[in-house]
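**Q** What follows is a predicted protein model with its sequence.
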Amino acid sequence: MKIYTGLDVFDAIAGGEMKSIDSLISGLLEEGISPEVLLNQWMIPAMDKVGVRFEKGELYVPEMLMSACTMQAGLKQIRPLLVESGVKPEGKILLATVKGDLHDIGKNLVGMMLEGAGYAIIDLGVNVGPEAIVEAVRTEQPDVLGLSALLTTTMTTMQTIMDQITDAGLREKVKVVIGGAPVNQAFADEIGADGFGRDAGQAVQVVRALMKNGRG
Ligand code: B1M
């Protein structure tokens, strides 16, 4: 009988092998490998490898998409385990990937980690325009708005969103945290966001710190 390891999960995601991911992950979980180890040591690095190969021209969009779908399937499986703390919400977080941008794996991870840290998540999805975001801030009254962008062409929409939130008179009512590969602290400062998360773990720390310092 073949013994599977985290490396098989890495290979399945990097190779876009949708069919094998469910049984691989459930087998490893049964063997006692923690969902955090699977995620941080094997699943995220696999997507990093996909990104590097895509950049080098070794992979094309359909292959990258197969890897992304495999990653999503794996995340779906470990999601309940990552969020099973089940305590009453520490606050409400509104999440969105900005207009023009369809990347949602990172945003979903951030949402999961925040959910695991005890926050209630409202996820508006991908390709969300500034108007819809402003409207959701108005109606949902979240403590924190989390924005994600993976493209250098879409990160600038974050500035538009900040401006429209201010114009709508809502800026004092919500903290804004941004993240995504092309975004950094300097950009967050430039657009006047309250925080920047380099990864999902840091996003939780930033949200916690902002909530501690009082709402809005
Ligand atoms: Co796209 N893509 N993609 N892609 N894709 C990138 C981003 C790219 C860097 C690849 C490359 O060239 N090396 C490149 C962007 C270049 C740039 O703008 N400078 C790129 C490109 C060019 C494109 C297309 C234009 C390709 C094309 O069509 N020619 C196209 C654009 C589509 C669109 O959005 N309009 C496109 C399409 C796609 C797919 C649909 C095939 C797929 C997305 C599927 C999906 O998300 N459902 C895809 C993928 C998978 C990638 C890569 C390979 C992986 C992204 C990912 O999921 N990473 C990516 C290369 C890379 O980043 N290495 C790439 C894993 C994820 C866990 O990390 O998303 O960074 P990440 O999230 C992290 C942090 O950034 C942070 O925490 C997360 C967890 O640790 N974070 C936050 C994210 N959001 C946060 C929010 C926070 C805080 C932290 O607070 C709220």
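**A** The structure has been received and is ready for your questions. Residues are numbered from 1 along each chain as shown.
**Q** residues near Glu31, how many?
**A** Counted by other C-beta atoms under 10 Å, the residues lying close to Glu31 total 10. Every C-beta, even on glycine, is put in place using the N, C-alpha and C of the backbone.
**Q** what's the spacing between it and Val9?
**A** Separation of Glu31 from Val9 (C-beta to C-beta, to the nearest Å) stands at 12 Å.
**Q** now Leu114
**A** Between Leu114 and Val9 the distance is 24 Å, computed by C-beta to C-beta.
**Q** Next: Ala68.
**A** Using C-beta to C-beta, Ala68 is found at 15 Å from Val9.
**Q** These two - which one has more neighbours?
**A** Counted by other C-beta under 10 Å, Ala68 and Val9 do not tie: Val9 has more neighbours, with 26 against 19.
**Q** the helices in the protein, which residues?
**A** In the chain, the helices defined using DSSP state H lie at 6-14, 18-30, 35-37, 44-55, 61-82, 105-116, 130-140, 157-167, 185-191, 200-212.
**Q** any chance of those helices in JSON lines, with mean pLDDT and distance to the ligand too?
**A** Putting those into JSON lines (pLDDT from 0 to 100; distance: least, C-beta to the nearest ligand atom, whole Å) gives the following:
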{"stretch": "helix 6-14", "mean pLDDT": "95", "distance to the ligand": "10"}
{"stretch": "helix 18-30", "mean pLDDT": "95", "distance to the ligand": "13"}
{"stretch": "helix 35-37", "mean pLDDT": "89", "distance to the ligand": "13"}
{"stretch": "helix 44-55", "mean pLDDT": "82", "distance to the ligand": "2"}
{"stretch": "helix 61-82", "mean pLDDT": "85", "distance to the ligand": "4"}
{"stretch": "helix 105-116", "mean pLDDT": "82", "distance to the ligand": "2"}
{"stretch": "helix 130-140", "mean pLDDT": "98", "distance to the ligand": "12"}
{"stretch": "helix 157-167", "mean pLDDT": "98", "distance to the ligand": "10"}
{"stretch": "helix 185-191", "mean pLDDT": "98", "distance to the ligand": "10"}
{"stretch": "helix 200-212", "mean pLDDT": "88", "distance to the ligand": "4"}
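**Q** Output the ones you listed in TSV, with distance to Val177 appended to each entry.
**A** Putting the helices of the chain into TSV (distance: least, C-beta to C-beta, whole Å) gives the following:
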stretch	distance to Val177
helix 6-14	27
helix 18-30	29
helix 35-37	22
helix 44-55	19
helix 61-82	19
helix 105-116	9
helix 130-140	13
helix 157-167	11
helix 185-191	8
helix 200-212	6
